[in-house]
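[1] next input, structure requested:
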Amino acid sequence: MINQQDIELYKLKARLCRTFADPTRLMIINQLRSGEKTVSQIQLALGLVQPIISRHLALLRERGVVKAQRKGTNMIYSLSDPKIIAACDMVHNILLNQIAKDKDMAERLITASM
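    A predicted model of the protein is given here:
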């Protein structure tokens with residue numbers, strides 16, 4: 001039987017997973033893979049407008065995925081835990097494996113129907 005503490009933990013896990021369920025946030029995380037960056041640097045790399053980048057960074061910060069530090073007039077963002085990159089890489093590899101399996105299945109189905 002699952003207790004209330006376990007249920008709350010699953011809810012927190014689901015909330016964290018939803019944090020990663022946005023392409024823009026994943027692109028921001030990928031930009032921070034190489035180290036800390038300003039909003040302007042992220043904006044330039046992604047070609048998105050500053051308010052969009054800032055909104056996503058605020059959510060990532062709220063959820064504990066990134067941290068911010070003021071340096072002069074700039075806010076510098078970095079990942080809060082290096083394991084975030086490992087987790088993103090793991091999901092990426094799982095996706096590539098799924099794509100390869102789907103491609104293999106599609107090729108078998110096409111060959112079988114000829």
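
[2] quick check: mean pLDDT of the helix or strand hosting residue 105?
    Per DSSP states H and E: residue 105 is located in helix 83-113. Helix 83-113 shows a mean pLDDT of 88.

[3] in that helix, what counts as buried?
    Residues of helix 83-113 classed as buried by neighbour count (16 or more other Cβ atoms under 10 Å): 84, 88. (C-beta placed from N, C-alpha, C; glycine too.)

[4] domain ranges for this structure?
    Residue ranges for the domains of the chain, per automatic domain parsing: 1-80, 82-114.

[5] single out the most deeply packed of these.
    domain 1-80 (a mean of 14; mean count of other Cβ atoms under 10 Å).

[6] any idea how far apart the tips of it sit?
    34 Å (Cα to Cα, to the nearest Å).

[7] average pLDDT for it, rounded please.
    96.

[8] how far does that domain sit from its chain's centre?
    In terms of Cα atoms, centre = their mean, to the nearest Å, the centre of domain 1-80 is set 7 Å apart from its chain centre.

[9] how about stretch 83-90?
    9 Å.

[10] who touches stretch 14-32?
    Applying Cβ atoms under 8 Å, 6 or more residues apart in numbering, the external contacts of stretch 14-32 come out as 37, 41-42, 45-46, 48, 52-53, 56-57, 59-60, 63, 65-66, 77-79, 84-85, 88, 91.

[11] quick one: residue 63 and residue 18, what's the gap?
    9 Å (Cβ to Cβ, to the nearest Å).

[12] and for residue 52?
    From residue 52 across to residue 18, the span is 18 Å (Cβ to Cβ).

[13] for residue 57, same thing?
    16 Å.

[14] the spatially most central residue of the chain and residue 6, how far apart?
    Central residue of the chain (Cα atoms, centre = their mean): residue 26, 3.2 Å from the mean position. Remark: distance between residue 26 and residue 6 (Cβ to Cβ) = 28 Å.

[15] over to residue 91?
    24 Å.

[16] check residue 16 too.
    Distance from residue 16 to residue 6, by Cβ to Cβ: 16 Å.
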